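Novice: This is a predicted model, with the sequence first.
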Amino acid sequence: MPELPEVEVVRAGLAPAVVGAQIVAVTVLDDRALTRHPGDAVSFEAGLAGRTFIAAARRGKFLWLPLDTGDTGDALVGHLGMSGQLLLRASGAPVERHERVRLDIRHPVHGDLAVVFSDQRTFGSLAIDRLIPTPDGAAGGWGADAAVVPTQVAHIARDPLDAAFADAHFRAALRTKRSAIKRVLLDQTVVSGIGNIYADEALWAARVHPETAASDLATRTVTRVLTEVRTVLEKALAEGGTSFDAQYVNVNGQAGYFAHSLNAYGRGGEPCPRCGGPIVRDSFMNRSSHYCPRCQRRR
DNA sequence: TATTTTACCTGAGGGC
DNA sequence: TGCCCTCAGGTAAAAT
């Protein structure tokens, strides 16, 4: 499932091939891939054809590729949802099984390539969106030099690996939240980039029960949670992300290795790597939650 | 206003 | 073999 590390792997893989490349042709095979786009497929194709990507940026799980002709200030925005993939293929490569959109691009160094958006469950989407200034004046996200974000990303908080992420603001926000800490970690308007897998992993590492009320956490505990969030995200990024099956792959279609490093997620019934007690798998917020009831005691 | 629930979607895998 | 059911979960709209 693409969370911050997986999306960053995709962004970093895409950047050298798309920055400086001109869009030669756009093919929309399935309109459901444009649910975030304000217009129809025709306007999407017309809005991209002939233009050049000038950067590859990311905040949390959102990606965007700013376009040239700066007076309009817009970008191609993408979210991978549950099963979205952005693949780099040779020009003229056969259509992928779940291909939704294809961009044929021409790069001054790499030549003709295809950027393929493939998505089994169609929760992901692409859109053309306007860029607006960031309230704090800092760069919009990773890979972005300009202090702008797409309007669709403006309400998303900075992610914990962003240099402009404000730890003090995060701690203050948690003091006012009576919701469970896991729910707050998954709230992209509080902190972005964390999904179900890394929420479980970070809380296990910080020894915090997922249903503890955020406002009940001591400041030093919040600091520990944030530290563990960063540690697990950075480690997963270094290992190329988490892949359980063909759902998440990099731009070349290769899987990541972090699934081998998971301590709690997906290990219900198995011994806790720290204390040996059984990891519990609970239902929480219509999804699964994994934790060690011995290490992660509820207050 | 703040928080919680639901809809969206497809394919894999288990039970029978 | 094949049908039906459950599960996976990020986002945003809808409901509470």
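Specialist: Received the coordinates, thanks. Numbers count the residues shown, from 1 in each chain, chains lettered A, B, ... in the order given.

Novice: ok, the residue positioned nearest the centre of chain A - contacts?
Specialist: Centroid-nearest residue in chain A, with Cα atoms, centre = their mean: residue A:61, separated by 2.0 Å. Counting by Cβ atoms under 8 Å, 6 or more residues apart in numbering, residue A:61 touches A:2, A:3, A:4, A:7, A:79, A:80, A:188, A:192, A:193, A:195. Every C-beta, even on glycine, is put in place using the N, C-alpha and C of the backbone.

Novice: Model confidence score at it, please.
Specialist: pLDDT, residue A:61: 97.

Novice: What does it show for phi and psi?
Specialist: Residue A:61 adopts backbone torsions of phi -100, psi 0, taken as degrees, to the nearest 10.

Novice: Quick one: mean pLDDT over stretch A:13-33.
Specialist: pLDDT averaged over stretch A:13-33 gives 96.

Novice: do that stretch and DNA strand C meet at all?
Specialist: No: on the criterion Cβ under 7 Å from any atom of the strand, stretch A:13-33 is out of touch with DNA strand C, staying 11.4 Å away.

Novice: Could the C-alpha coordinates of that stretch be exported in CSV?
Specialist: Coordinates of each C-alpha in stretch A:13-33 appear next as CSV, following Å, rounded to 0.1, in the frame of the first residue of the first chain:
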residue,chain,number,x,y,z
GLY,A,13,12.4,7.3,-9.8
LEU,A,14,10.2,9.5,-12.0
ALA,A,15,12.1,12.8,-11.5
PRO,A,16,15.1,12.1,-13.8
ALA,A,17,12.9,10.9,-16.6
VAL,A,18,10.2,13.5,-16.5
VAL,A,19,11.8,16.8,-15.5
GLY,A,20,12.6,18.6,-18.7
ALA,A,21,10.5,16.2,-20.7
GLN,A,22,7.7,17.5,-23.1
ILE,A,23,4.3,15.7,-23.2
VAL,A,24,3.8,14.5,-26.7
ALA,A,25,0.5,12.7,-26.3
VAL,A,26,-2.0,11.9,-23.6
THR,A,27,-4.3,8.8,-23.7
VAL,A,28,-7.1,8.4,-21.1
LEU,A,29,-8.3,4.7,-21.1
ASP,A,30,-10.6,5.0,-18.0
ASP,A,31,-12.3,8.2,-16.8
ARG,A,32,-12.3,6.9,-13.3
ALA,A,33,-8.6,7.8,-13.1
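
Novice: from the middle of its chain, how far away would it be?
Specialist: 18 Å (Cα atoms, centre = their mean, to the nearest Å).

Novice: Same check on stretch A:37-56?
Specialist: Distance of stretch A:37-56 from the chain centroid (Cα atoms, centre = their mean) equals 21 Å.

Novice: what's near enough to touch residue A:152?
Specialist: A:36, A:62, A:77, A:127, A:129.

Novice: Equivalent analysis for residue A:188, please.
Specialist: A:60, A:61, A:156, A:157.

Novice: same for the longest helix along chain A, what does it pack against?
Specialist: Longest helix in chain A, counting residues (DSSP state H): helix A:219-238. Using 3 or more Cβ pairs under 8 Å, 6 or more residues apart in numbering; DSSP states H and E, the elements in contact with helix A:219-238 are helix A:4-18, helix A:167-175, helix A:181-186, helix A:196-206.

Novice: Can you lay out these as JSON lines showing distance to residue A:146 and mean neighbour count?
Specialist: Putting the helices and strands packed on helix A:219-238 into JSON lines (distance: least, Cβ to Cβ, whole Å; neighbours: other Cβ atoms under 10 Å) gives the following:
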{"stretch": "helix A:4-18", "distance to residue A:146": "15", "mean neighbour count": "23"}
{"stretch": "helix A:167-175", "distance to residue A:146": "22", "mean neighbour count": "15"}
{"stretch": "helix A:181-186", "distance to residue A:146": "29", "mean neighbour count": "23"}
{"stretch": "helix A:196-206", "distance to residue A:146": "28", "mean neighbour count": "24"}
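
Novice: For the worst-scoring helix or strand of chain A on mean pLDDT, which strands pair with it and how are they oriented?
Specialist: In chain A, no helix or strand scores lower on mean pLDDT, DSSP states H and E than strand A:280-284, which sits at a mean of 89. Sheet pairing of strand A:280-284 (DSSP bridges) gives strand A:287-291 (antiparallel).
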